[in-house]
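[1] here you go, sequence then predicted model.
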Amino acid sequence: MINVGILGATGAVGQRFVHLLADHPWFCLHTLTASERSAGKRYADVVNWRLDVPFPESVGDLTISPTTADAVKDCDIVFSALPADVAQGIEEEVAAKGVGVCSNASSHRMDPDVPLVIAEVNPDHLGLIDVQHDRGRDGFIVTNPNCSTIMLTLALEPLRKFGFSSVQVATMQAISGAGFNGVAAMDIYDNVVPFIRNEEEKMATEPRKIMGSFDGSGVEMAPFLVSACCNRVPVIDGHTLSVWVDIDRPLEEVRKAFSEYAAPFSGLPTQPAKSVEYFDQPDRPQPRLDRNRGRGMTVSVGRLREGVRFTALGHNTIRGAAGASVLNAELIYMKKYL
């Protein structure tokens with residue numbers, strides 16, 4: 001078994017990591033970290049479990065460690081659910097001690113030698129792990145993208161063969177994307193908030209790195225532009241995206257590309273049967289009906305129209321966060337980078 005740890009195990013994304021790793025067939029949940037005030041206490045005694053799945057009793061007796069590099073030195077992989085400002089230094093320290101870091105934080109996503117990975121889209125970018133080793137880092141850092149970037153880029157992947165130069169997207173993002181205490185009730189009830197800090201900037205840059213070309217030493221950004229408008233809406237889980245892509249191909253070809261898309265690998269425990277699922281119904285996908293497809297790992301696509309225009313949807317804390325990171329770690333293990 002591969003010993004794994006979670007940095008920041010009590011927050012919204014940290015709890016998702018615990019949920020996904022508690023009974024994982026390959027990974028043994030070894031270390032959980034949280035704030036100093038929680039250190040030394042049982043996980044069950046400090047976590048305010050707020051997910052829509054039962055608390056995994058098997059991890060309740062794990063003792064919380066402080067969030068330091070030394071606390072996770074006996075792990076093979078550490079999953080980071082830390083805020084970006086905290087993650088920056090800690091992740092570098094952990095990697096320097098020879099531990100692999102699979103991070104959901106934004107701190108290192110655009111570092112030239114750090115792969116920004118959606119497992120089905122750019123598995124070859126994991127070659128940047130070798131670049132990190134060549135530059136003296138004993139471990140490594142691998143990041144997954146912003147939650148909305150994941151939904152957008154995975155929905156674009158079946159269309160990559162057609163080529164495109166411009167992508168426009170309007171997001172309707174769930175409140176869980178801001179964390180348990182991220183949006184005050186009086187701000188989101190009966191409302192849409194047309195601003196999410198730094199979100200549009202991430203969506204403009206991250207897809208271009210993910211879909212860029214890896215030449216063995218670095219990534220050349222993909223030659224398309226993304227224009228994004230990001231909104232917070234009163235939905236608990238599930239980000240919905242309206243997407244416009246400048247593809248000049250018959251709609252039936254685009255529909256076939258979505259319908260026939262398959263991941264370039266199989267057999268990973270967190271991998272869904274369908275990474276992208278296409279709907280012909282005019283009113284799908286919808287968050288309440290479709291966010292949990294593929295155990296929350298499937299991106300649903302529908303409402304395809306001339307233009308090319310379509311709607312995409314995914315579960316933001318599973319596919320868009322913890323699940324994406326766990327899938328990356330499984331791919332890293334399969335490719336023998338540990």
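    Nice, I can see it. Worth saying up front: this structure is predicted, and the values here are computed from it rather than measured.
[2] use CA for all of it now, contacts and neighbours both
    OK.
[3] could you count how many residues lie near Glu277?
    23 (other CA atoms under 10 Å).
[4] how about it, phi and psi?
    Main-chain dihedrals, Glu277, degrees, to the nearest 10: phi -120, psi 130.
[5] spit out the contact partners of it.
    By CA atoms under 8 Å, 6 or more residues apart in numbering, the contact list for Glu277 reads 258-259, 298-301.
[6] what's the distance between stretch 231-244 and the middle of its chain?
    Centroid separation for stretch 231-244 versus its chain: 16 Å, with CA atoms, centre = their mean, to the nearest Å.
[7] next secondary structure element downstream of the one helix or strand Arg303 maps to?
    For Arg303, the enclosing helix or strand under DSSP states H and E is strand 299-305. Using DSSP H and E, the next helix or strand after strand 299-305 towards the C-terminus is strand 309-314.
[8] report the mean per-residue pLDDT for the following helix or strand past that following strand.
    Proceeding N to C from strand 309-314, the next assigned helix or strand is helix 323-334, under DSSP H and E. Mean pLDDT, computed over helix 323-334, is 98.
[9] other residues contacting the strand holding Arg303?
    Contacts of strand 299-305 (CA under 8 Å, 6+ apart): 151, 154-155, 251, 255, 258, 275-285, 290-291, 293, 309-315, 319.
[10] give the pairing partners of that strand; include direction for each.
    Note on strand 299-305: by DSSP bridges, its sheet partners are strand 276-278 (parallel), strand 309-314 (antiparallel).
[11] Serialize the ones you listed to TSV and add fields for distance to Lys209.
    What follows is the strands paired with strand 299-305, written out as TSV (distance: least, CA to CA, whole Å):
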stretch	distance to Lys209
strand 276-278	20
strand 309-314	20
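[12] and Gly182, which of these is closest to it?
    strand 309-314 (19.7 Å; CA to CA).
[13] which outside residues touch that closest one?
    151-152, 155, 238-245, 285-287, 290-291, 296-304, 320.
[14] if we go to 6 Å?
    Applying CA atoms under 6 Å, 6 or more residues apart in numbering, the contact partners of strand 309-314 are 151, 238-244, 291, 299-304.
[15] next: stretch 123-136.
    Contacts for stretch 123-136 (CA under 6 Å, 6+ apart): 113, 115.
[16] identify each buried residue in it, please.
    123, 125-132 (16 or more other CA atoms under 10 Å).
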